[in-house]
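Asks: Would you be able to build a 3D model of this:
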Amino acid sequence: MEQKRLKRNLWTYPMGTVGRDAVYVLINNYLLTFVLFTHTLNAAQLAAITGIMIAARVFDALNDPIMGNIIEHTRTRFGKFKPWLVIGVLSTSVVIYLMYNVKLTGWAFVVFFGVMYFAFSITYTMNDISYWGMIPALSSDANARNQLTSRATLFAGIGNAGALVLIPLFTAGKNAIGGNAQTAYGVIALAVAVLAPLFLSITVFGTREHREDQATKPEKFSFKQVFKTIARNDQLVWVAAIFLLQQIGNGLITGGIGSTYIYVTYGYEGGLYSLFTTIGMSVTAFMIIFYPAISRKMHRKQLMKRMAVVATVGYAMMLLSGFMPGAGNGKFVCLVIGYMLCNLGQNAFYLIMMISIMNTVEYNEYKFGTRDEGIITSVRPFITKLGGALIVAITSVTYLIFGITNFTNQISDLEQKCNQGLISEAAKLTQINVVLADVSSSQGFALLIFMTVVPCIPMILSYFLYKKYYKLDEEEYDRICKELGK
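Replies: Residues are numbered from 1 along each chain as shown. I've put the predicted structure just below:
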């Protein structure tokens, strides 16, 4: 019976995240790009947008453990996870549609953006915490958990990669839906808002989790208990800090800097950035698919060491491409291969962090007698969002310091004129190329530094911290599970 349940869960659980991760990419990776390339903003308005995004993500990050506690206290005939999955995904779909389709400008847009962004922080958290919190409830077997995590990450990668590839392809350049970025983003937001609930319904109706804890009456809700649960678990605290470093390094390229660098270096053509992300991320499928097999033969710390070397070589190749003359094929190939290697290493780090956080559930049970799955697994999205806030800050400051917004404002003016029918699509693209020709080589190289050197440093630091401070290696985890009778 247990094997039949696991076999079913191994398919129905991961498939549910395809649409969810498309939503995440649309907001996390392209919202700032959407704002910059479709709205003309002065420095004060961009600063306000940046402040809203940072404040909302910090709020969201702090809200994650609280949402985890709310889930822990939920008692329904459908379990504690599925009601929040449904409420979260439906409300998120409404929010993202409105966010990308409103026709406002100036400060009115900034105010509306703030309301919608905070609303997204709340609605997506309901869904995200309940989704990833299910894994410990699906199985406590280490190998089964590795399979569930790697498969969920694989399907998340499908949604993630699909959005990363298709969004720039159909929003910038000659393939833009409707001939302009504003119309294109609105159509894509609608498509994602429909797909997310459809995919998640597979998880809602298909998975079967253990619900033994639903028979017990929950303790009284306590904010103090949320933070106490996290703070007393030393292994959770360490892996959270390490994961934050990794997330900052991992997200800088796809957070906006990567697409902007390619536009100013190789031209305003979304297909080029799609090609960059497609090839660069294709190799990560290897790690996701074969991670369970690799984990049976190689310890996590050994794998991290090797992947740190691979990723460092990748970042070095990307940086080297900046010293190559012109904007020819050789330069672009060097950039893409470098991204492929650093993405392989960073993806391995991400998988290891996921497993390491989940394994602190049993550590918590061993040390304190309670599993607290909802609270502990909420740390992963907590860190992801906190890292996202820092990425937004770094990206916006980079744009302002190096004068990149001077060019994005000119491009957004042209996109708006095309949307209003004042100029043709062909004229728009011609004038955008003239704008990009004025970007200096030093400005382009500054973006490249923030795509290579800046991400590489926290990645390397995260490896050394994990090696020294994370004690729940494979042997120790197995010992704890035996002590718990699992």
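
Asks: So for the host helix or strand of Leu236, what gets flagged as buried?
Replies: Element membership for Leu236, per DSSP states H and E: helix 234-251. If you call a residue buried by 16 or more other CB atoms under 10 Å, then helix 234-251 has these buried ones: 235-236, 238-240, 242-251. C-beta: built from backbone N, CA, C; applies to glycine.

Asks: Kindly report the same for stretch 44-63.
Replies: Buried-residue list, stretch 44-63, by 16+ other CB under 10 Å: 45-46, 48-50, 52-54, 56-61, 63.

Asks: Next step: those restricted to helices.
Replies: Using DSSP state H, the subset of the buried residues of stretch 44-63 located in helices is 45-46, 48-50, 52-54, 56-61, 63.

Asks: Among these, find the lowest-pLDDT one for me.
Replies: Lowest in pLDDT among those is Ala61, which has 69.

Asks: what's the closest of the buried residues of stretch 44-63 to Arg20?
Replies: Relative to Arg20, the closest of these is Asp60; by CB to CB it sits at 15.2 Å.

Asks: ok, that closest one - contacts?
Replies: Neighbouring residues of Asp60 by CB atoms under 8 Å, 6 or more residues apart in numbering: 121-122, 124-125, 385.

Asks: repeat for Thr278
Replies: Contacts of Thr278 (CB under 8 Å, 6+ apart): 161, 165.

Asks: so which strand or helix has Val204?
Replies: If you go by DSSP H and E, Val204 is part of helix 181-206.

Asks: what about that helix, distance to the chain center?
Replies: On the basis of CA atoms, centre = their mean, to the nearest Å, helix 181-206 is displaced by 16 Å from the centre of the chain it belongs to.

Asks: Can you tell me which helices and strands that helix packs against?
Replies: Helix 181-206 makes packing contacts with helix 2-15, helix 17-28, helix 31-38, helix 82-101, helix 106-133, helix 142-169, helix 404-419 when contacts are defined by 3 or more CB pairs under 8 Å, 6 or more residues apart in numbering; DSSP states H and E.

Asks: quick one on the thing from earlier: what average pLDDT does the helix or strand following the helix holding Leu236 get?
Replies: Reading on from helix 234-251 to the C-terminus, the next helix or strand found by DSSP H and E is helix 258-266. Averaging pLDDT along helix 258-266 gives 88.

Asks: which strands and helices sit next to helix 258-266?
Replies: helix 270-282, helix 404-419, helix 441-469.

Asks: number of nearby residues for the spatially closest residue to Gln247 that is not a sequence neighbour?
Replies: The spatial neighbour of Gln247 that comes closest, neighbours along the chain excluded (CB to CB, 6 or more residues apart in numbering), is Gly387 at 3.2 Å. As a burial measure, Gly387 scores 25 neighbours (other CB atoms under 10 Å).

Asks: Show me which residues of the strand or helix carrying Gly387 are buried.
Replies: For Gly387, the host element (DSSP H and E) is helix 379-401. Under the neighbour-count criterion of 16+ other CB under 10 Å, helix 379-401 has 379-392, 394-396, 398-399 buried.

Asks: Of the ones in helices among the buried residues of stretch 44-63, which is the nearest to Tyr463?
Replies: The closest of those to Tyr463 turns out to be Ala61 (CB to CB; 23.4 Å).

Asks: circling back to that earlier point, now a PyMOL select for only the buried ones of the contacts of Asp60.
Replies: Of those, the buried ones go into a single PyMOL selection, burial set by 16+ other CB under 10 Å:
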select buried, resi 121+122+124+125+385
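
Asks: Identify the farthest-apart pair in the contacts of Asp60.
Replies: Farthest pair in those (CB to CB) is Ile122 and Lys385. Separation: 11.9 Å.

Asks: Could you double-check that Thr207 lies in contact with Arg8?
Replies: Yes. Contact status for Thr207 versus Arg8: in contact at 7.5 Å, counting by CB atoms under 8 Å.

Asks: If you count surrounding residues, which of those two has more?
Replies: Ranked by neighbour count (other CB under 10 Å), Thr207 and Arg8 place Thr207 first, with 24 against 13.

Asks: Where does the prediction get shaky in this protein?
Replies: Confidence mapping of the chain against pLDDT under 70 gives the ranges 1-6, 61, 139-142, 145, 209-223, 225-226, 326-328, 374, 486.

Asks: three-state assignment of the residue of it most remote from its centre?
Replies: Farthest-out residue of the chain from its mean C-alpha position, per CA atoms, centre = their mean: Leu422, at 36.8 Å. The three-state label given to Leu422 by DSSP: H, G, I helix; E, B strand; the rest coil is coil.

Asks: how close does it sit to Leu414?
Replies: According to CB to CB, to the nearest Å, Leu422 stands 10 Å off from Leu414.

Asks: Ok, Asp473 next?
Replies: Per CB to CB, Asp473 is found 55 Å from Leu414.

Asks: go on, Phe407?
Replies: 11 Å.

Asks: Mutual contacts of these two, please.
Replies: Going by CB under 8 Å, 6+ apart, residues that sit against Phe407 and also against Leu414 are Val435.

Asks: The two: who's more crowded?
Replies: Neighbour comparison, Phe407 and Leu414: the larger count goes to Leu414, with 23 against 20 (by other CB under 10 Å).

Asks: what helix or strand does the nearest residue to that one once chain neighbours are set aside sit in?
Replies: Distance criterion CB to CB, 6+ apart; nearest residue to Leu414, sequence neighbours excluded, is Lys428 at 4.9 Å. Using DSSP H and E, Lys428 sits within helix 425-437.

Asks: Same check on Phe78?
Replies: Under DSSP H and E, no helix or strand contains Phe78.

Asks: That one and Val86, how far apart?
Replies: Using CB to CB, one gets 9 Å for the distance from Phe78 to Val86.

Asks: the more surrounded of those two?
Replies: Val86 (17 against 14).

Asks: For Asn146, see how far away the more buried one is.
Replies: Look at Val86 and Asn146: by CB to CB, they are 28 Å apart.

Asks: Surely Val89 and Arg20 touch.
Replies: Yes. Between Val89 and Arg20 there is a contact at 7.0 Å, judged by CB under 8 Å.

Asks: okay, and the common contacts of those two?
Replies: Any residue near both Val89 and Arg20 by CB under 8 Å, 6+ apart counts here, and that gives 127, 196, 200.

Asks: Pull the contacting residues for the last one.
Replies: I take that to be Leu200. Applying CB under 8 Å, 6+ apart, one finds that Leu200 lies in contact with 16-17, 19-20, 85-86, 89, 127, 131.
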